[in-house]
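**Student:** Quick one: sequence plus predicted model below, questions after.
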Protein chains: 2
Amino acid sequence: MKRKPSAEATAAWIRLVRIQSRVLGAVEQDLKKAGFPPLSWYDALLELSRAEMGALRPVELEKQMLLPQYGLSRLIDRLVANGLVLRKVCEVDKRGLVVEITEKGRELQRKMWTAYSAAIERHVGSKICDTDAAKLSALLDRLGASCDEASSGPASSDAASSPASAKPA
Amino acid sequence: MKRKPSAEATAAWIRLVRIQSRVLGAVEQDLKKAGFPPLSWYDALLELSRAEMGALRPVELEKQMLLPQYGLSRLIDRLVANGLVLRKVCEVDKRGLVVEITEKGRELQRKMWTAYSAAIERHVGSKICDTDAAKLSALLDRLGASCDEASSGPASSDAASSPASAKPA
DNA sequence: CAGCATTATATGCAACTGCATATAACTGGC
DNA sequence: GCCAGTTATATGCAGTTGCATATAATGCTG
């Protein structure tokens, strides 16, 4: 049950890791140079801004993000500290809470999208035509299917739904 | 000069980030569960084991890896602490040094490859046929070309050479 | 409705990261 | 040969992560 991967699979794996690292690094750099916080902040703010009432339980939010539970907990700490979201008590489940985006949070999300979308265009859009981008997406999605054993990690087993990040207001 | 990315480019970007995160997480988990250190250790050991005399200057090694300079410096600390490599003085350039892999280091690299290759097969190979894997590689390589401005990041501007990680002894 | 497993969230601690900067050696110009 | 600038490597510090575990409320189950 431990067969070796083909040369093609191995090559694809290497590209996946290296190219993603390079492109993600470049995009994050662009964001930072423009004076913005990391992408994870954007992701959280975007999900919240799209949610009904601009509020979500951390549990819900976690499903959309690629952070582990404790990572999200601390991300929320920082967002709260910056006045971007509010921690409110959850009436229906007293052990939980509700995170609500503030107007300031919505503003930051919008402003970040300007820089973020430009970075995506610069580091992805400009390098590949739409047809190929679509092919790339399809191929990547193939790798998303969960495999036999329960091999977890930050984001583990969930249906291939929800686009999660990107896309403006 | 700040055009918005197409829906296709954006979708590809999202997949790239999310799928890579998931697959990389899964592979690292497999390695860890098997009692092995992180992939960066493997990468360094592999490069060294392939190098002439099993030794490289950190500067050379850095080019093959996706760590920044100080990251590599500290990775070497850990490898040394575990007896996997040796720091030797560099005769030809006294400010530098030469990192040499030990027999123990070579052994670990070989053992890790067993688990690593199995993980690649499990999380990549088994999900996609060789033809598609090759297509995926080609599409990803497209994104590797450097763009106009000097937007750095861990690994920035170098030709699309050297496979870097993976592949056994 | 008591007890026990489960879910939601937070946190102490050690390891790791990024950033800026230190140290030291090399290189070229004059 | 000396100074200015560059290259190679290391490191102090603050911020972030992962891991394990804490706290607390829920939900079964009998």
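**Tutor:** Received it, and whenever you're ready, just let me know what you need. Numbers count the residues shown, from 1 in each chain, chains lettered A, B, ... in the order given.

**Student:** make it CA atoms for all contacts and neighbour counts henceforth
**Tutor:** Noted.

**Student:** A:Arg74: helix or strand, and which one exactly?
**Tutor:** helix A:69-81 (DSSP states H and E).

**Student:** can that helix be found next to DNA strand C?
**Tutor:** Yes: Helix A:69-81 lies within reach of DNA strand C by Cα under 7 Å from any atom of the strand, at A:69-71, A:73-74, A:76.

**Student:** Neighbour-wise, give me the winner out of the residues you listed.
**Tutor:** A:Ile76 (20 neighbours; other Cα atoms under 10 Å in any protein chain shown).

**Student:** What helices and strands are in contact with the helix holding A:Arg74?
**Tutor:** Applying 3 or more Cα pairs under 8 Å, 6 or more residues apart in numbering or on different chains; DSSP states H and E, one finds that helix A:69-81 contacts helix A:58-64, strand A:85-89.

**Student:** Dump the ones you listed into JSON lines; add mean pLDDT as well.
**Tutor:** Converted to JSON lines, these look like this (pLDDT from 0 to 100):
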{"stretch": "helix A:58-64", "mean pLDDT": "95"}
{"stretch": "strand A:85-89", "mean pLDDT": "95"}
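
**Student:** just the helices in chain A please.
**Tutor:** Along chain A, the stretches classed as helices by DSSP state H are A:7-33, A:39-50, A:58-64, A:69-81, A:103-123, A:130-142.

**Student:** in the third one, what's buried?
**Tutor:** Which is helix A:58-64. A:58, A:61-64 (16 or more other Cα atoms under 10 Å in any protein chain shown).

**Student:** With the longest one instead?
**Tutor:** Within helix A:7-33, the residues scored as buried using 16+ other Cα under 10 Å are A:8-31.

**Student:** The second one too?
**Tutor:** For helix A:39-50, a neighbour-count test (16+ other Cα under 10 Å) marks A:39, A:41-49 as buried.

**Student:** Please apply the same query to the last one.
**Tutor:** Using 16+ other Cα under 10 Å as the test for burial, helix A:130-142 gives A:130, A:132-137, A:139-141.

**Student:** related to what we said a few turns ago, could you single out the nearest of the buried residues of helix A:58-64 to DNA strand D?
**Tutor:** Closest approach between the buried residues of helix A:58-64 and DNA strand D, by Cα to the nearest atom of the strand: A:Glu62, at 12.5 Å.

**Student:** quick one: the closest one and DNA strand C, what's the gap?
**Tutor:** Applying Cα to the nearest atom of the strand, to the nearest Å, the value for A:Glu62 to DNA strand C is 8 Å.

**Student:** again with A:Val59
**Tutor:** Counting by Cα to the nearest atom of the strand, the gap from A:Val59 to DNA strand C is 3 Å.

**Student:** State the distance from that residue to DNA strand D.
**Tutor:** 13 Å.

**Student:** can you tell me which residues contact the nearest residue to A:Ala115 once chain neighbours are set aside?
**Tutor:** Nearest residue to A:Ala115, sequence neighbours excluded (Cα to Cα, 6 or more residues apart in numbering or on different chains): A:Leu31, at 6.3 Å. Counting by Cα atoms under 8 Å, 6 or more residues apart in numbering or on different chains, A:Leu31 touches A:37-39, A:112, A:115-116, A:119.

**Student:** if I pick A:Ala44, what's in contact with it?
**Tutor:** Contacts of A:Ala44 by Cα under 8 Å, 6+ apart are A:61, A:65.

**Student:** what do you get for A:Lys127?
**Tutor:** So A:Lys127 contacts B:142-143, B:145 (Cα under 8 Å, 6+ apart).

**Student:** Cool, thanks, talk later.
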